[in-house]
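*Asks:* predicted model, plus sequence, below.
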Amino acid sequence: MPLHSTIACLKPRAETRTGAKTRTTLLLGSLLALSACGGDFDLDFRGLAGGELSTSQAAQSVGTAQRPQPDARGVISYPSYQVALAKRGDTVAKVAGRIGMNPAELGRYNGLALDAPLRDGELLALPRRVAEPAAGVIKPEGEIDITTLAGDAIDRSGNTSSATSTPKVSGQQPVRHRVQRGETAYSIARSYGVSVRSLADWNGLGSSLTVREGQHLLIPVKVSAPVKETRISQPGQGSATPTPPSAAAALPKDEVKQPAPKAPNAPKLSDTRTKASSARMALPVAGKVTSLFDAEKAGYILISAKPGEAVKAAASGTVRLVSKDVEGEEIVVIDHGNGTQTAYSFIAGIKVKKGQKVKRGQQIAVATKNRYNAIQFLVFKGTEPVDPMPYLN
């Protein structure tokens, strides 16, 4: 079975990526959609960012700056655009009234109904500029106009209360991304090289990390981690040389050899032996692990399986997803509680339904004939893929 076809990332400078990592991203996208708990589920995963990460990408600092604070209306102003942040209980109409904009215009630009409830801190892009905040437009520190700074200083000098002065805010303008069909918060974060948590914090996505087609997102501004200075000792400045023993000192007397301690009795293995079944999870099939987990390349393992061989639940839980990807590959996701979920692919003949309770070792499907002669098995903690081996050993 061929892997997912080449996927073109939305960033113009991004490379097209194919291969096993794309399949991992598809399964992860399914889990993220599942975590929305009741939201509309879109099975079209085209456009997901996948592929292998280069070592140069891994070496980049993952630190991001804090999102600037909005004014009392919720407005953040950059040179090229403005955004507004919703408050708890807001709708599109309420935000529009607060910033002085036509509600229909604001809702249409963000693809939202006027009465659509908004999350606290959810970001709305403004189709046109409104009155600037008292702090003015946020610009990089080196681009703040000296005339403006001087004018602010004069204004403050004539005011006896320094508390009423509004200092100018500097900062890099972030990239603004418009969500395309099939994208997830995880795929967008990976394509820009930022963490999904910082993306959620900047845009008020909430714990579900839900995004919608046409939504505008601000990509968090990266900050370089400070390089720690390494001090190098000069010759002669290292540790002190120990004083050698003096040849004039008398040699120590021979010590009386003590008998070797008696070896302790062997422990009773029957008292400490644990059964193999004490592992948190069991292998879904009886084959060998042919491809190990690699967080940088593939978030799954491959387990050899013959076509038609029974695929079983690795642990007891509830079936949360039975679906297909854009190539028709069937997927099953099982929730085991405590934020742990397992996903199974390269399968067919699914024997379970969404919402069904399953027990460890219960058959859920059969293995398909594919190029790897294996099934694909993933373990997620929250929304992040983790190494399945510690759960299986």
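*Replies:* Perfect, I can see it now. Keep in mind that what you see is a predicted model, and the values were worked out from it rather than measured.

*Asks:* where in the stretch 251-393 of the chain is pLDDT low?
*Replies:* 251-257, 263-278, 326 (pLDDT under 70).

*Asks:* helices along that one, start to end?
*Replies:* 269-272, 389-392 (DSSP state H, counting those that start in this stretch).

*Asks:* can you list the buried residues in the last one?
*Replies:* Which is helix 389-392. Across helix 389-392, burial judged by 16 or more other CB atoms under 10 Å covers 391-392. From N, CA and C alone the C-beta is placed, and that goes for glycine too.

*Asks:* keeping just the C-alphas, turn that helix into PDB.
*Replies:* Extracted in PDB, the C-alpha atoms of helix 389-392 (Å, rounded to 0.1, in the frame of the first residue of the first chain):
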ATOM      1  CA  MET A 389       8.100   0.600  23.800                       C
ATOM      2  CA  PRO A 390       8.000   1.700  27.600                       C
ATOM      3  CA  TYR A 391       4.300   0.800  27.500                       C
ATOM      4  CA  LEU A 392       4.900  -2.600  25.900                       C
END
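
*Asks:* list of residues touching that helix?
*Replies:* 279-283, 289, 292-293, 301, 314-315, 379 (CB atoms under 8 Å, 6 or more residues apart in numbering).

*Asks:* let's see 10 Å
*Replies:* 279-284, 289, 292-293, 301, 303, 314-315, 336, 340, 342, 377, 379, 381 (CB atoms under 10 Å, 6 or more residues apart in numbering).

*Asks:* give me the three-state assignment for residue 95.
*Replies:* The three-state label given to residue 95 by DSSP: H, G, I helix; E, B strand; the rest coil is helix.

*Asks:* check contacts around it.
*Replies:* So residue 95 contacts 73-75, 84-87, 101, 103, 106-107, 110, 112, 118, 122, 124, 126 (CB under 10 Å, 6+ apart).

*Asks:* which parts of the stretch 1-150 of the chain are strands?
*Replies:* Assigned by DSSP state E, counting those that start in this stretch, the stretch 1-150 of the chain shows strands spanning 75-77, 82-85, 123-125.

*Asks:* dump those strands to a markdown table, plus mean neighbour count.
*Replies:* Below are those laid out as a markdown table (neighbours: other CB atoms under 10 Å):
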| stretch | mean neighbour count |
| --- | --- |
| strand 75-77 | 23 |
| strand 82-85 | 23 |
| strand 123-125 | 22 |
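
*Asks:* just put those in a markdown table and tack on distance to residue 330 and mean pLDDT.
*Replies:* Converted to a markdown table, the strands of the stretch 1-150 of the chain look like this (distance: least, CB to CB, whole Å; pLDDT from 0 to 100):
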| stretch | distance to residue 330 | mean pLDDT |
| --- | --- | --- |
| strand 75-77 | 44 | 91 |
| strand 82-85 | 40 | 92 |
| strand 123-125 | 36 | 91 |
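
*Asks:* ok, which of these comes nearest residue 92?
*Replies:* strand 123-125 (7.3 Å; CB to CB).

*Asks:* pull up the pairing partners for the closest one, direction included.
*Replies:* strand 82-85 (antiparallel) (DSSP bridges).

*Asks:* list the buried residues in stretch 371-391.
*Replies:* Quick answer for stretch 371-391 (16+ other CB under 10 Å): 372-380, 383, 385-386, 388, 391.

*Asks:* one more: stretch 296-307?
*Replies:* Buried residues in stretch 296-307 (16+ other CB under 10 Å): 298-305.

*Asks:* and if you look at stretch 343-351?
*Replies:* Here stretch 343-351 shows 343-347, 350 as buried, counting by 16+ other CB under 10 Å.

*Asks:* give me the subset of the residues you listed lying in strands.
*Replies:* 343-347 (DSSP state E).

*Asks:* domain map for this structure?
*Replies:* 66-141, 289-392 (automatic domain parsing).

*Asks:* how about those domains in JSON lines, adding distance to residue 204?
*Replies:* As requested, the domains of the chain are exported to JSON lines (distance: least, CB to CB, whole Å):
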{"stretch": "domain 66-141", "distance to residue 204": "3"}
{"stretch": "domain 289-392", "distance to residue 204": "17"}
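
*Asks:* tell me which of those lies nearest to residue 209.
*Replies:* The nearest among these, by CB to CB, is domain 289-392 at 6.5 Å.

*Asks:* got the end-to-end distance for that closest one?
*Replies:* 11 Å (CA to CA, to the nearest Å).

*Asks:* check stretch 205-222 too.
*Replies:* Start-to-end, stretch 205-222 (CA to CA) is 19 Å.

*Asks:* and what of stretch 328-345?
*Replies:* End residues of stretch 328-345 are separated by 11 Å (CA to CA).

*Asks:* tell me the buried residues in it?
*Replies:* Quick answer for stretch 328-345 (16+ other CB under 10 Å): 329-336, 340-345.

*Asks:* which of these fall within strands?
*Replies:* Using DSSP E, those in strands are 330-335, 340-345.

*Asks:* export the residues you listed as TSV, with columns for distance to residue 361.
*Replies:* Listed next are these as TSV, based on distance: CB to CB, whole Å:
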residue	distance to residue 361
330	20
331	20
332	15
333	18
334	12
335	17
340	17
341	18
342	13
343	18
344	14
345	19
